[in-house]
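*Asks:* Let me see the structure of the following:
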Amino acid sequence: MKYHSQDSEIRDPIGEYGLRGICLPRLHFFRTIKVNDRQAQFANEYLVDLNATQAAIRAGYSAKTGGSQGFGLLKKPEIQIAVQNAQAERIERTKVDADWVVSRLSDWLKRTLLPKPLKMRSCLNP
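*Replies:* Modelled structure (predicted):
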């Protein structure tokens with residue numbers, strides 16, 4: 001879900017900020033947190049490349065202060081929750097998570113380290 005309206009609502013698992021870095025999806029007890037438009041835009045832009053400075057600049061903060069603004073925004077619990085929620089939604093939507101990526105890289109590495117490369121058969125020339 002993209003957070004785009006003024007004072008967008010973000011659901012905070014368990015209603016406490018004490019669980020930073022832990023994503024607990026689909027809990028029944030939530031507390032509503034508000035973020036403004038620019039903060040919501042920052043959360044969306046941060047997911048593009050995970051670069052806080054560039055995300056802050058793309059969200060409309062000054063290029064001179066983008067680094068400090070991005071750092072400060074990432075320290076805010078509301079922004080952390082927005083980023084976690086957006087990441088969880090992206091994982092659910094694409095069905096790709098870190099385990100999937102690591103397993104595919106491992107498979108690729110095993111294939112490339114074989115002493116003789118595998119020959120792929122063409123579908124056109126069996």
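*Asks:* Strands along this protein, start to end?
*Replies:* In the chain, the strands defined using DSSP state E lie at 8-13, 30-35.
*Asks:* which stretch in the ones you listed has the least confidence?
*Replies:* Among these, strand 8-13 has the lowest mean pLDDT, at a mean of 53.
*Asks:* what's the neighbour count on Val102?
*Replies:* 10 (other Cβ atoms under 10 Å). All C-beta spots, glycine's among them, are computed from the backbone N, C-alpha and C.
*Asks:* for the chain, which spans come out with low pLDDT?
*Replies:* 1-32, 117-126 (pLDDT under 70).
*Asks:* contacting residues around Arg93?
*Replies:* Neighbour list for Arg93: empty [criterion: Cβ atoms under 8 Å, 6 or more residues apart in numbering].
*Asks:* Quick check: it vs Gln54, distance?
*Replies:* Separation of Arg93 from Gln54 (Cβ to Cβ, to the nearest Å): 23 Å.
*Asks:* what does Tyr46 give?
*Replies:* 9 Å.
*Asks:* more neighbours, the two?
*Replies:* Between Tyr46 and Gln54, Tyr46 has the larger neighbour count (other Cβ under 10 Å), namely 24 against 17.
*Asks:* in terms of contact, does that one touch Val83 like I think?
*Replies:* Yes. Look at Tyr46 against Val83 with Cβ atoms under 8 Å: they come within range, at 5.8 Å.
*Asks:* Overlap of the contact sets of the two?
*Replies:* Leu74.
*Asks:* mind listing the helices in this protein by residue range?
*Replies:* Assigned by DSSP state H, the chain shows helices spanning 37-49, 52-58, 66-75, 77-94, 98-112.
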